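*Asks:* Sequence and predicted model, in that order:
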Amino acid sequence: MKYDIITLGHGSGGGLTRRLINDIFDKNFKLPTLDDAVEIENRIVVTTDAHVIKPIFFPGGDIGKLSVTGTVNDVSMKGAIPKYLLITYIIEEGFKIDDLRTITESVQKAAEEANVKIIAGDTKVVERGKADGLYITTTGIGFLPEGVDLSSKSIKNGDKIIVNGSIGDHTVAIINAREKLGLTPAPQSDCASLNELVQLMLKSGNIKFLRDATRGGVATILNEVAEDTNLGIIINEEDIPIKDTVNAVCGLLGLDALYMANEGKLVSFVSGETSNLLKEMKKHKHGKESTLIGEVTSEVKGVYLRTSIGGLRPLLMLESDPLPRIC
Amino acid sequence: MKTLDLSKYRDPKLIKQIVEDLKNWEKPIKIMEVCGSHTMAIGHWGIRKLLPENISLISGPGCPVCVTPSSLIDELIKLKNVTIATFGDVLRVPGKEETLEHARARGLDVRIVYSPLEALEMAKEKETVFVGIGFETTIPGIAQTILMAKQQKLKNFSVFPAFKLVPPALEALLSAEDIKLDGFLLPGHVSVIIGSESYMLLPQKYNIGGVVAGFEPLDILAAIKIITEQVKHNKPAIVNEYNRVVNIVGNKSAQKVIDAVLKTEDALWRGIGWIPDSGLGIRDEFKEFDASKKYNITLKEEEGNSGCRCADVLKGIIIPPECPLFEKACNPAHPIGPCMVSSEGSCAAYYKYER
């Protein structure tokens, strides 16, 4: 299939997105990094993120909260401490002002919780039908503490991989709300700012690299790391925290939690002793279910899942959004 | 939400015992799975790698999307001023020129649904065509939707019937000369609807057995073990291993709904051609809901000279890597044949799990 126009798959975060970035954006901009955030100068880290989500209110959050936590997390994954946010609203004609007020209160609440300040912004209104209710873009600015330099380049064989809790919660919460699957109790999004947890982790363990497992999920991050470093990765199916509800939805719709977006989960690559790190992470409200799920290894090339019956299954980079299966 | 405890079907000790036992198997045999979810489960658990080399598992025509002719996609894309409602994996099935996903980006109103009932809601706003793709598992829900459309006297709703039936396809496969098979891993979900008795012709007429199996590793391994026993003693039979959900006669209520709305017809299978009585069309009493009549659509056989060997994959003559296009010209980013499109398709499953 030759693509002469943009399809939804180009926004999936998989192979199609990657080619779009390489062939068009990076070709023109010659970006210093393809990471979500970048250190500019004087240990200042910046990032920008556009937030589009349907429904805009969902169990566990709304587009306002998400536009803060998403950007806070992108800054945090560099090891930086986020301080300021700039925010842009693109609002569709006809959008309820009460909803806008609720969402903005939610932005402010999430900003206070993450200890960041909203310092500037912009508002645009577009004609009815030209936007899906509301889009929000946020730009984040943070500061990198002395001595912190996280990079996938420093990852070595034997490094351990830790996640801070159950995966797939956000996607399943959204699917349930959007498709009216009627799951009770309604699954909650894990939408949360992880800046505090990250600073705690940096103090408690030898963290080499961090990434928030948003679009494309844990499996996509592992694939990017394996590709960047040319190292192998094996994770253990039995150790990966996945809630029963998430497993059930995956089984029903033929989806895989390892590729689902999360909004409050990170994947960390750690060297040396991990027990103290895990102990400290578990004390934090966003790290209670922190788990070691696997390690970097010379045993394989690429990313593999050791299944609970002992088989090895490759976890590949997805091209596009996973589609729900027919039966 | 309550979920079933499946751990006993994943018991590592029992799995090891069967795997060890199968290692003593001497004769080369070919077992075909005819359900896409079995293909996925075999890859998911890494089962092929646990088996000795002389036991080959081949993927038959088990994914409803795989066997849908590309001309259906071409015809759907031509429809004007309608909403096309479809299950997700139909979106990336390549037609002659483009996919529904690409056509959607051009402006065609294509929407993914999780249940055909969602399409009824859409029809209240705009003329809606539901793409009726599926095997016996999915068909009752779609037939029920047509019944409800009739009750609600909807004028804006129709279904394109591209339904397929499993038993006639198995018979067609067994009648072909170039196929050598020793047993079938029979579909679990389909059998919930049609019952295990639907396969009795296999041992009676074709002297080949099969096991209706579930989707957990022990289900599949036990089924393989049973098939080896049947081959060893030359006693082909139909065995229901998945008796926690499948019975002999199937789901009578579902069968009644199907029978009320649909009737048996010849069907066009991508890569295989026309198979007599292997599909279901919409009965005349419901013809106002039949998109093939409403829009005068007829499906044509593939011209297929691209080198794609989906047909041979579906017949079990070759495994996906033996196709010259596999991995190279044909991959999940650029699927040529439908077996690469659906995550259940034989080629996609191979690409994902078996390379």
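*Replies:* In hand now; what should we look at? Not measured: the values here are computed from a predicted model.

*Asks:* Identify the residues contacting stretch A:151-164?
*Replies:* A:194, A:197, A:208-209, A:213, A:218, A:222, A:224-225, A:228-229, A:231, A:233, A:235, A:240-241, A:264-271, A:274, A:277-278, A:281, A:286-287, A:289-298 (CB atoms under 8 Å, 6 or more residues apart in numbering or on different chains). Where C-beta positions appear, they are placed from N, C-alpha and C, glycine not excepted.

*Asks:* Could you give the number of residues near the residue nearest to residue B:195 when sequence neighbours are not counted?
*Replies:* Distances taken as CB to CB, 6 or more residues apart in numbering or on different chains place residue B:250 nearest to residue B:195, at 3.0 Å, with adjacent residues excluded. Residue B:250 has 19 neighbours, counted by other CB atoms under 10 Å in any protein chain shown.

*Asks:* what residues are up against residue B:250?
*Replies:* Counted by CB under 8 Å, 6+ apart, residue B:250 has contacts B:191-195, B:197-198.

*Asks:* repeat for residue B:70
*Replies:* B:93-96, B:270, B:302, B:338.

*Asks:* Need the buried ones from the contacts of stretch A:151-164 selected in ChimeraX.
*Replies:* To isolate the buried ones among the contacts of stretch A:151-164 in ChimeraX, judged by 16 or more other CB atoms under 10 Å in any protein chain shown, type:
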select /A:194,197,208,209,213,218,222,224,225,229,231,233,235,240,241,264,265,266,267,268,269,270,271,274,277,278,281,286,287,290,291,292,293,294,295,296
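
*Asks:* can you tell me which of the contacts of stretch A:151-164 are in strands?
*Replies:* Per DSSP state E, strands hold the following members of these: A:208-209, A:233, A:235, A:266-271, A:291-297.

*Asks:* circling back: show me the one in the contacts of residue B:250 that has more neighbours than the rest.
*Replies:* So for the contacts of residue B:250 (other CB under 10 Å), the most neighbours sit at residue B:191, 28 neighbours.

*Asks:* how close does residue B:264 sit to chain A?
*Replies:* 20 Å (CB to the nearest CB, to the nearest Å).

*Asks:* Listing partners with orientation, what would you give for the helix or strand harbouring that residue?
*Replies:* Applying DSSP states H and E as the criterion places residue B:264 in strand B:262-269. Strand pairing for strand B:262-269, using DSSP bridges, gives strand B:273-282 (antiparallel).

*Asks:* out of the contacts of stretch A:151-164, who's near chain B?
*Replies:* Among the contacts of stretch A:151-164, no residue lies close to chain B (CB under 8 Å from any CB of the partner chain).

*Asks:* Give me the neighbour count for residue B:28.
*Replies:* Count around residue B:28 with other CB under 10 Å applied: 11.

*Asks:* Excluding sequence neighbours, find me the nearest residue to the residue sitting nearest the centre point of chain B.
*Replies:* Central residue of chain B (CA atoms, centre = their mean): residue B:63, 2.9 Å from the mean position. Residue nearest to residue B:63 in three dimensions, not counting chain neighbours: residue B:36, with 3.6 Å by CB to CB, 6+ apart.

*Asks:* Surely that neighbour and residue B:66 touch.
*Replies:* Yes. Using CB atoms under 8 Å, residue B:36 is in contact with residue B:66, at 7.5 Å.

*Asks:* More neighbours: which of these two?
*Replies:* Shown here are residue B:36 and residue B:66; by other CB under 10 Å, residue B:36 has more neighbours (32 against 29).

*Asks:* where does that one fall, phi/psi-wise?
*Replies:* Main-chain dihedrals, residue B:36, degrees, to the nearest 10: phi -60, psi -30.

*Asks:* Quick check: pLDDT value at it.
*Replies:* Looking at residue B:36, its pLDDT stands at 85.

*Asks:* residues near whatever residue of the stretch 51-200 of chain B ends up closest to chain A, how many?
*Replies:* At 3.7 Å from chain A, residue B:88 is the closest residue in the stretch 51-200 of chain B, using CB to the nearest CB. If you count neighbours by other CB under 10 Å, residue B:88 ends up with 22.

*Asks:* Count the neighbours of residue A:170 for me.
*Replies:* Neighbour number of residue A:170 under other CB under 10 Å is 29.

*Asks:* any idea which element residue 111 lies in?
*Replies:* In the absence of a named chain, chain A is used. Using DSSP H and E, residue A:111 sits within helix A:97-114.

*Asks:* To clarify, I was referring to chain B.
*Replies:* Applying DSSP H and E as the criterion places residue B:111 in strand B:109-112.

*Asks:* Could you look up the next helix or strand downstream of that strand?
*Replies:* Assigned by DSSP H and E, the successor of strand B:109-112 is helix B:116-123.

*Asks:* Give the other helices and strands that that next one contacts.
*Replies:* strand B:83-86, strand B:128-134, helix B:139-151, strand B:157-164 (3 or more CB pairs under 8 Å, 6 or more residues apart in numbering or on different chains; DSSP states H and E).

*Asks:* quick one: contacts for the closest residue to chain B within the stretch 201-327 of chain A?
*Replies:* Shortest the stretch 201-327 of chain A-to-chain B distance, computed as CB to the nearest CB: residue-wise this is residue A:311, at 2.1 Å. Contact analysis of residue A:311 by CB under 8 Å, 6+ apart lists B:45-47, B:49-50.

*Asks:* in stretch B:162-180, what counts as buried?
*Replies:* B:162-174, B:179.

*Asks:* Now tabulate the residues you listed in TSV and tack on pLDDT, distance to chain A and secondary structure.
*Replies:* Shown next, in TSV, are the buried residues of stretch B:162-180 (pLDDT from 0 to 100; distance: CB to the nearest CB, whole Å; DSSP: H, G, I helix; E, B strand; the rest coil):
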residue	pLDDT	distance to chain A	secondary structure
B:162	94	11	strand
B:163	96	12	strand
B:164	95	11	strand
B:165	96	14	coil
B:166	94	12	helix
B:167	95	17	helix
B:168	93	18	helix
B:169	90	15	helix
B:170	91	18	helix
B:171	90	21	helix
B:172	87	21	helix
B:173	85	20	helix
B:174	88	24	helix
B:179	74	25	coil
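
*Asks:* All set now, cheers.
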